[in-house]
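J.: Sequence first, then the predicted structure, then my questions.
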Amino acid sequence: MTEYSFLAFDSKGRLDAGEREKAARLAMDTLEPIATEPKSGKVIDVKHRFAKKRFDDRYIWKPTPEIETAIQKAIFG
């Protein structure tokens, strides 16, 4: 599976360390929590699902099939 992502650069053209840290923190929030209490069935912890959506919206892009083919052709010939 190939993942396509956005990279943020600072004013000097280097990877933006602050943005990388934000991405890493949000990526950690996407992990499903380890249950420490028994589930009652009434409350569902979906915070990680919303974090995944925010992460995907902010840092991931989905190329069209044509773009993906062109990228793979450029890399692998």
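T.: Cool, got the structure. Note that this is a predicted model, so its numbers are computed, not measured.
J.: Around Phe9, how many other residues sit close by?
T.: 10 (other Cβ atoms under 10 Å). Where you see a C-beta, it was placed from the backbone N, CA and C, and this is true even at glycine.
J.: Contacts only, for it.
T.: 15-16 (Cβ atoms under 8 Å, 6 or more residues apart in numbering).
J.: Quick check: beta-bridge partners of it?
T.: Leu15 (DSSP bridges).
J.: can you pull out the strands in the protein?
T.: Using DSSP state E, no strands are found in the chain.
J.: Please enumerate the helices of it.
T.: Secondary structure of the chain (DSSP state H): helices located at 17-29, 47-59, 65-76.
J.: For those helices, could you give me a markdown table that also reports distance to Phe9, mean neighbour count and mean pLDDT?
T.: Formatted as a markdown table, the helices of the chain follow (distance: least, Cβ to Cβ, whole Å; neighbours: other Cβ atoms under 10 Å; pLDDT from 0 to 100):
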| stretch | distance to Phe9 | mean neighbour count | mean pLDDT |
| --- | --- | --- | --- |
| helix 17-29 | 9 | 13 | 95 |
| helix 47-59 | 14 | 14 | 95 |
| helix 65-76 | 20 | 10 | 95 |
